[in-house]
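Chemist: Just the structure for this:
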Amino acid sequence: MRACPEHGPPSEADHRFCEVCGRNLDTGEPPRVEVPTVWVSSRASGTACGGCGETFATSQAYCDHCGRRRSVGRDHAELDLGTVAAVTDKGRRRRRNEDAVVVGRSAGLNLAVVCDGVSTSTRSDAASHDASEAGLTSLLADLSRGADPAKATVEAARAAAAAARAVAEASDGDAPPSCTYVSGVVTPEGVTVGWIGDSRAYWLGSDAAGMTIDDSMAALIAAGRPLPLALEPDPESRALIRWLGADSGDPEAQVMSLRPTGPGHLLLCSDGLHHYLSDPAALAEAIAGRSPIDAARHLTTVALDGGGHDNIAIALLAFPPPGGPLP
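Modeler: Model prediction:
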C-alpha cells in the first residue's frame, strides 16, 4: 500500500493524496505550499472615473461627469506595501494616464512591474494595465513554486505579451494597443529585472548603476549590442524597436541579475521620470533616507517640477526583502 513518509498510509487504498499534508502518493511529490501573497495595481475602480473620480452612471465609453473616455488607470495612484511601493501620475501635459504599475509582496520577496503605454497606439492604457497585472501574477505563481527568478522573469514577460496582444480589436487597425514592460524581483539573494522597450530599472545602493538598456537603435548601438538583421543601423534613432502588442512580434525579455553587496533599492520607472533624472548616482542621492513610498512620491515631484511632459510610473523595492539576510 502506498504511504506518506510522514503520515503513513491513506484511510482508503485508492486515495491518491495524503489526507493530512496533501503529498501525492503516486509520484511522491511533496504538498504544494501556498505562500501568502499580496499585490495591488494602479487600475481604476470598475465604477469610478480614473480622471474625476465620479461614479459612472451608465456603461458608455465616456464619463458622464467630465466627458473623458473611460480610463483604465487612475490619473494619480499611490501603492504602498511597506518594503515595495509605487506612485503613478498622468503628468502635466497628457489627457490621461497610460502608464501602469503593480507591486506585490510574498514571503521573502518584493516584486513590481511597470508598463508605459505607447502613445501612438490606441487604448494603450488597456495594454499597459493588462500586461502589468499578467506579468506580476505570473511572477508570483512561478516564484511561489520555487522557480529561478531569471526563468520566472522570462515567463512573466511572455504572459504580459500575451495579455497585451489579447487587448487588440479589429477596429484598432494598424495601431493596436501597445506598451513597454519592465519587471523587478528582489529576493534575499539578489535582484533580477527583465524588460522590453524603454522603461528602465536602476540599482540604487552604494554602487548605484543602471540595469537596463533601452530597446532603441541608438541605445543598442552605443552599448555594442546587435540589432535585428532587418534594420538599417541608425545611431541617432531613439524609436522603439521592441514593445508589447499585437504588432510586436512576440519579443523575449532581456534579463539582468545583480547580487548586491549591501542594502539599497531597486527602482523601476517609465520615461516620465528618466527623461528628467537618469543618472544612477543622482537617483540614489535623491531617495537617500526615504521609505519606498516617500521615495516614489519625491521622484514623482521631481518629474512634475521638471515639466511633467509624460505619464510617470515609479516603483521602489527594498533590498533585502523582509526576513532576508544580506549576502
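
Chemist: Can you tell me which helices and strands the host helix or strand of Leu266 packs against?
Modeler: Take DSSP states H and E as the rule and Leu266 turns out to sit in strand 264-269. Applying 3 or more C-beta pairs under 8 Å, 6 or more residues apart in numbering; DSSP states H and E, one finds that strand 264-269 contacts strand 109-116, strand 181-186, strand 191-196, strand 200-204, helix 280-287, helix 292-305, strand 312-319. C-beta: built from backbone N, CA, C; applies to glycine.

Chemist: Pull the contacting residues for the residue nearest the centre of the chain.
Modeler: The residue lying closest to the centre of the chain (C-alpha atoms, centre = their mean) is Val113, at 0.8 Å. Val113 is in contact with 101-102, 131-133, 135-136, 139, 156, 160, 181-184, 268, 315, counting by C-beta atoms under 8 Å, 6 or more residues apart in numbering.

Chemist: Would you agree Asp207 falls within a helix?
Modeler: No. Secondary structure of Asp207 (DSSP: H, G, I helix; E, B strand; the rest coil): coil, not part of a helix.

Chemist: can I assume it is in contact with Pro263?
Modeler: No. Contact criterion C-beta atoms under 8 Å: Asp207 and Pro263 do not qualify, at 11.5 Å.

Chemist: between those two, who's got more neighbours?
Modeler: Asp207 (14 against 11; other C-beta atoms under 10 Å).

Chemist: Phi and psi next, for that one.
Modeler: Note on Asp207: its backbone torsions stand at phi -110, psi 50 [degrees, to the nearest 10].

Chemist: Excluding chain neighbours, what is closest to it?
Modeler: Counting by C-beta to C-beta, 6 or more residues apart in numbering, Asp207 lies nearest to Thr261, which is 6.8 Å off, once chain neighbours are set aside.

Chemist: Tell me the pLDDT of the one you found.
Modeler: We have a pLDDT of 93 for Thr261.

Chemist: Make 38 the first number, not 1, from now on.
Modeler: OK, 38 is where the count begins now, so the last one is Thr298.

Chemist: Quick check: which ranges of the stretch 88-237 of the chain have low pLDDT?
Modeler: For the stretch 88-237 of the chain, the stretches with pLDDT under 70 are 88-91, 93-99, 101, 104-107.

Chemist: which residue ranges form the helices in it?
Modeler: 161-181, 186-203 (DSSP state H, counting those that start in this stretch).

Chemist: which of those is buried the deepest?
Modeler: helix 161-181 (a mean of 26; mean count of other C-beta atoms under 10 Å).

Chemist: Which residue ranges make up each domain of this protein?
Modeler: Domain ranges of the chain: 38-69, 75-356, per automatic domain parsing.

Chemist: Grab the nearest non-local neighbour of Ala256.
Modeler: Of all residues not flanking Ala256 in the chain, Ile250 sits nearest, at 5.5 Å (C-beta to C-beta, 6+ apart).

Chemist: Might one say that Pro214 is in contact with Thr159?
Modeler: Yes. At 6.0 Å, Pro214 counts as touching Thr159 under the criterion of C-beta under 8 Å.
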